[in-house]
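Student: Take this sequence and fold it.
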Amino acid sequence: MYKGYLCLVLHGHLPFVRHPECDYFLEENWLYEAITETYIPLILMMERLINDKIDFKLTMSLTPSLIYMLKDSLLQERYLRHINKLIELCHKEIERTRWQPPFQKLALMYLDRFSLAYQTFERYKRDLVSAFKSLQEKGVLEIIASCATHGYLPLMELTPPSARAQIKVGVMVYEQIFARKPKGFWLPECGYLPGHDYILKDCGIKYFFTEIHGILHGVPRPKYGVYAPVYCKSGVACFGRDWESAKQVWSSIEGYPGDYWYREFYRDIGYDLDFDYIKPYIHPDGIRINTGIKYYRITGSEDKQPYEPEKAAEKASEHAGNFMFNRERQIEYLYGFLNKKPIVVAPYDAELFGHWWFEGIMWLDYLIRKIKFDQNIFTLVTASDYLLENPRNQVITPSLSSWGWKGYNEMWLQGVNDWIYRHLHKASERMTELVKLYPNENDGLLKRALDQALRELLLAQSSDWAFIMGTGTHTSYAVRRIKEHILRFTTLYEQIKFHSIDPVWLSEIEERDNIFPQIDYRVHQ
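Tutor: Numbers count the residues shown, from 1 in each chain. Down below sits the predicted model:
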């Protein structure tokens, strides 16, 4: 019936940011903003589609660091404080803008959105992971696993035990949380190093995604390009990203999010309004920050005009139709050229939708409905469904690649961040040494210290810290996190080696860095 397939993939990830030692911590807002603007709206969108009896298939990764933050009771309480402050601010904004109808209308819109976020959060008993798990059990969403802390695997070539630990811990967390084995795996930053697929195979993974040139530069050359998966020699399937569908959404020049009718991300009342008025809703030290309440559209000039939700919705519908039309023509052409049904893989960071691109989830909703009712050229599919229908595929060795700047390792290995790797490699070597020194610890203080040492190493390996340094945003925080985790690891290493473990200090860092409660240090070997 159909001539091809579209596989939409959303990558859900945030670095593990949790600071119980502070009553308010600025970088924790990354999670609160993502909950309000991306994750809850995605859940509500999928619920609406189910209620309207729309058949659809989406794929989504949820990284362990994001999962544990979403399930953490401290962060859940702080999110409620955050959303209640926004609701309070909306009520004040409705009053302040009573003589400005375009702005009061928007204040009412934000009040509705924030109130619905609060209600949804409470409806799922503050556990949004359970909401995604429920959607997977309904068969509309396939959740795939990812590395423990989003470690960038290609730069762990010198320390294979760390690459294995990142993958194995990620799979372990998935099985514990979702009570099933993962079929697919998201390589952080789409970073693939030949040979890592064997680790995925050992963990029972059937497929992963990579950047376009990871397949196109493979050996031998892929017969169908990125429009059919390939098998690595390990037997694990590799799906390549389609650049044409990516740039329509991502590109700052050609992409939809830059349309002049869409909401302007960089104009927020946290910066625009009088300081004394907005002070209770920004950083306690008086630092102006984004509140999430934004009244202007992109406009295309310095003279910003008020945001008009109805016009933006029309544009989102128009762009959804355009995206669908382009996939129809693309798939029709590929079907005739390849003489087989192609699969177009379109992966995106989940936070693009709703957070960076306010109308993105509305666009996604329109797109799914239009695919269902307005065409019959292609259908939505998951990678695992495609493999069931098309089990025979070419065998090649994909090449080193990532979806980062310039397509390889440079984003995570440049002058501003290259200093971190000698410390990460040394810590990894020391972790392997500890595993060999103590291969059979099953309980007690020493076992706790060994497990915590691995937690600190995994947290230090997060690709986010090198990425943040590379972009020059929040650099001091990223440097601080690397140094803190390496220092804690080194202290634990020395205390373990010299039989002088400090139980009080160990308890403190166990409480602070409480990710992976069921981890076993022996996975690092």
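
Student: distance of residue 280 from residue 291?
Tutor: Per Cβ to Cβ, to the nearest Å, residue 280 is found 11 Å from residue 291. Bear in mind the C-beta positions are built from the backbone N, C-alpha and C, glycine included.

Student: When these two are compared, which one has more neighbours?
Tutor: More crowded of residue 280 and residue 291, by other Cβ atoms under 10 Å: residue 291, with 23 against 11.

Student: what separates the residue nearest to that one when sequence neighbours are not counted from residue 110, distance-wise?
Tutor: Residue nearest to residue 291 in three dimensions, not counting chain neighbours: residue 270, with 4.3 Å by Cβ to Cβ, 6 or more residues apart in numbering. Going from residue 270 to residue 110 by Cβ to Cβ gives 13 Å.

Student: so what sits against both of the two?
Tutor: Residues within reach of residue 270 and of residue 110 at once, by Cβ atoms under 8 Å, 6 or more residues apart in numbering, are residue 293.

Student: Between those two, point out the one with more neighbours.
Tutor: residue 110 (21 against 18).

Student: after the host helix or strand of residue 334, next one along is what?
Tutor: Assigned by DSSP states H and E, residue 334 belongs to helix 309-338. Next along the chain after helix 309-338, taking DSSP H and E as the criterion, comes strand 343-349.

Student: From the contact counts, what lies against whichever helix or strand comes after that following strand?
Tutor: For strand 343-349, the succeeding helix or strand toward the C-terminus, using DSSP H and E, is helix 360-373. Here helix 360-373 touches helix 40-51, helix 309-338, strand 378-380, going by 3 or more Cβ pairs under 8 Å, 6 or more residues apart in numbering; DSSP states H and E.

Student: Does anything pack onto the second one? Which helices or strands?
Tutor: So that's helix 309-338. Short answer (3+ Cβ pairs under 8 Å, 6+ apart): helix 309-338 packs on strand 4-12, helix 243-250, strand 343-349, helix 360-373, strand 378-380.

Student: Which of those sits closest to residue 168?
Tutor: strand 4-12 (20.0 Å; Cβ to Cβ).

Student: From what I see, the residue nearest to residue 291 and residue 282 are in contact.
Tutor: Yes. Shown here, residue 270 and residue 282 form a contact pair, counting by Cβ atoms under 8 Å, at 5.4 Å.

Student: shared neighbours, those two?
Tutor: 288-289, 291.

Student: List just the nearest of those residues to residue 498.
Tutor: Closest to residue 498, out of all of the shared contacts of residue 270 and residue 282 and judged by Cβ to Cβ, is residue 289, at 44.2 Å.

Student: In contact with the closest one: list those residues for me.
Tutor: 26, 29, 270, 282-283.

Student: Distance of it relative to residue 274?
Tutor: In terms of Cβ to Cβ, residue 289 sits 16 Å off from residue 274.

Student: Could you grab the helix/strand/coil label for the residue of the chain positioned farthest from its centre?
Tutor: Going by Cα atoms, centre = their mean, the residue of the chain most distant from its centre is residue 99, 40.6 Å out. Using DSSP: H, G, I helix; E, B strand; the rest coil, the structure places residue 99 in coil.

Student: What pLDDT is listed against it?
Tutor: Residue 99 carries a pLDDT value of 97.

Student: dump the residue contacts of it.
Tutor: Taking Cβ under 8 Å, 6+ apart, one finds nothing in contact with residue 99.

Student: Report the separation between it and residue 55.
Tutor: 48 Å.

Student: rewinding a little: output the helices and strands packed on helix 360-373 in TSV; the columns should cover distance to residue 471 and mean neighbour count.
Tutor: Output for the helices and strands packed on helix 360-373, formatted as TSV (distance: least, Cβ to Cβ, whole Å; neighbours: other Cβ atoms under 10 Å):
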stretch	distance to residue 471	mean neighbour count
helix 40-51	25	19
helix 309-338	27	17
strand 378-380	33	20
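
Student: weakest of the helices and strands packed on helix 309-338 by average pLDDT?
Tutor: helix 243-250 (a mean of 89).

Student: quick one: contacts of that helix?
Tutor: Counting by Cβ under 8 Å, 6+ apart, 6, 212, 254-257, 322-323, 326-327, 330, 344, 346-348, 352 sit against helix 243-250.

Student: same thing but 6 Å
Tutor: 212, 254-255, 323, 344, 346 (Cβ atoms under 6 Å, 6 or more residues apart in numbering).

Student: Tell me the gap between it and the middle of its chain.
Tutor: Here the centre of helix 243-250 is set off from its chain's centre by 18 Å, with Cα atoms, centre = their mean, to the nearest Å.

Student: Let me know the angle separating it from helix 309-338.
Tutor: Interaxial angle, helix 243-250 versus helix 309-338 (axes from the mean of the first three to the mean of the last three Cα atoms, to 10 degrees): 170 degrees.

Student: Show me which residues of helix 243-250 are buried.
Tutor: Within helix 243-250, the residues that count as buried by 16 or more other Cβ atoms under 10 Å are 245-246, 248-250.

Student: For residue 1, give me its contacts.
Tutor: Counted by Cβ under 6 Å, 6+ apart, residue 1 has zero contacts.

Student: at 8 Å what do you get?
Tutor: residue 376.

Student: one step back: which of the contacts of helix 243-250 sits closest to residue 487?
Tutor: Of the contacts of helix 243-250, the one sitting nearest to residue 487 (Cβ to Cβ) turns out to be residue 212, at 39.6 Å.

Student: Just give the closest residue to residue 200, not the sequence neighbours.
Tutor: Nearest to residue 200 is residue 236, by Cβ to Cβ, 6+ apart, at 5.1 Å.

Student: ok, now residue 518?
Tutor: With Cβ to Cβ, 6+ apart, the residue lying closest to residue 518 is residue 176, at 6.6 Å.

Student: quick one: buried residues of the helix or strand the one you found falls within?
Tutor: Here residue 176 sits within helix 160-178, counting by DSSP H and E. Using 16+ other Cβ under 10 Å as the test for burial, helix 160-178 gives 161-174, 177-178.

Student: Just after it, pick out the following helix or strand.
Tutor: strand 184-186.

Student: pLDDT averaged over whatever helix or strand comes next after that following strand, what's the number?
Tutor: As assigned by DSSP H and E, the chain's next helix or strand after strand 184-186 is helix 196-202. In this model, helix 196-202 carries a mean pLDDT of 98.

Student: Surely residue 454 and residue 431 touch.
Tutor: Yes. At 6.2 Å, residue 454 counts as touching residue 431 under the criterion of Cβ under 8 Å.

Student: Let me know the pLDDT of residue 252.
Tutor: For residue 252, the model assigns a pLDDT of 66.

Student: Likewise for the one 10 residues further on?
Tutor: pLDDT, the model's per-residue confidence, is 96 for residue 262.

Student: Renumber starting at 585 from here on
Tutor: Taking 585 as the first residue, the last one we looked at is residue 846.

Student: Verify the stated contact: residue 733 with residue 750.
Tutor: Yes. Applying Cβ under 8 Å, one finds residue 733 in contact with residue 750, separated by 7.1 Å.

Student: low-scoring stretches of this structure, by residue?
Tutor: Scanning the chain for pLDDT under 70 picks out 836.

Student: Deepest-packed of the helices and strands packed on helix 893-922, please.
Tutor: Most buried of those, by mean neighbour count (mean count of other Cβ atoms under 10 Å): strand 588-596, with a mean of 23.

Student: contacts for that one?
Tutor: Defining contact as Cβ under 8 Å, 6+ apart, one finds that strand 588-596 is touched by 623, 626, 642-647, 650, 730, 770, 793, 823, 829, 911, 915, 918-919, 925-934, 937, 948, 955, 961-967, 970.

Student: Apply 6 Å and report the result again.
Tutor: 642-646, 650, 770, 911, 915, 919, 925-931, 933-934, 962, 964-965, 967.
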